[in-house]
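Novice: I would like the atomic coordinates for the input below:
(one chain, ligands or ions: 1)
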Amino acid sequence: MPRPYSVVLAVMLASACGGSSDGSDAGSGTDASPSAADATAATGLDATAEPGLDASLEAADAGGNSGCAAAFAGCADYLDATGPSADRTVSFTCCQYTPKCLKIAVGQSVTFSGPFGFHPVKQACGSTPVIASTSSGSSASFVFGTPGEFGFFCPLHGSADGTGMAGSILVE
Ligand SMILES: [Cu+2]
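Specialist: As a prediction, this is how the structure comes out:
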């Protein structure tokens, strides 16, 4: 049966040739040095499009102090939920959190309750990342083990600077 063998050999030779030519053209990613003008333009665009969200969360991830701005989300008076039997649930609908400003004690948890699919929650500020970004389900609880203020917001109806659909948890 000479014909099937010759066909197989031809296929193997063809694929071998293809493989060797593909492998000789690596390292095309060396042209990644934009001009100073490009870098400036890109930075300006990023700052306009994303008002500090990524930067603040990255600082939090790195363990840096990214405390919340004064009166984040307009919070000055916080609902005191530090009592052992207090309700520490933040409910949300469109487009607000209730309560918006909540005070708890170190070690207590807060439960967010509502349609995360329509109102994802993100932490906006705080000394450590506690409020995990959540975009599905209807209930999520987070334990606050560090004192400080922890701002949060819905990226669809609020922003990381505390305007719109946003709130704050004060941990004492
Ligand atoms: Cu929302």
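Novice: what sits up against the one helix or strand Val90 maps to?
Specialist: Using DSSP states H and E, the element containing Val90 is strand 89-93. Residues from elsewhere that reach strand 89-93 (CB atoms under 8 Å, 6 or more residues apart in numbering): 97-99, 102, 110-115, 119, 121, 154, 165, 167, 169. In this view, the C-beta of every residue, glycine as well, is placed from N, C-alpha and C.
Novice: which ones are touching Leu98?
Specialist: To be clear, residue 98 is Thr; Leu isn't right here. Val90, Ser91, Phe92.
Novice: what distance do you get for it to Pro115?
Specialist: Per CB to CB, to the nearest Å, Thr98 is found 14 Å from Pro115.
Novice: repeat for Gly148
Specialist: With distances defined as CB to CB, the gap from Gly148 to Pro115 amounts to 28 Å.
Novice: sorry, back to before: out of the contacts of Thr98, flag the one nearest to the ion.
Specialist: Phe92 (7.2 Å; CB to the ion).
Novice: bridging across strands, which residues link to that closest one?
Specialist: When bridges are called by DSSP bridges, Phe92 pairs up with Tyr97.
Novice: that one: neighbouring residues, count only.
Specialist: Counted with other CB atoms under 10 Å, the neighbours of Phe92 add up to 22.
Novice: Gly148 and Pro115: which has the busier surroundings?
Specialist: The residue with more neighbours, out of Gly148 and Pro115 and counting by other CB under 10 Å, is Gly148; that gives 18 against 13.
Novice: ok, the residue lying closest to that one once chain neighbours are set aside to Phe150 distance?
Specialist: Computed as CB to CB, 6 or more residues apart in numbering, the closest residue to Gly148 that is not its neighbour in sequence is Ser127, at 4.7 Å. Between Ser127 and Phe150 the distance is 8 Å, computed by CB to CB.
Novice: now Ser141
Specialist: When distances are taken as CB to CB, Ser141 and Phe150 turn out to be 14 Å apart.
Novice: try Ala132
Specialist: Distance check for Ala132 against Phe150: by CB to CB, it reads 12 Å.
Novice: what do these two both touch?
Specialist: Residues touching both Ala132 and Phe150 by CB under 8 Å, 6+ apart: Gln123.
Novice: settle it for me: which of these two has more neighbours?
Specialist: Neighbours around Ala132 and Phe150, counted as other CB under 10 Å, are more numerous at Phe150. The numbers are 28 against 10.
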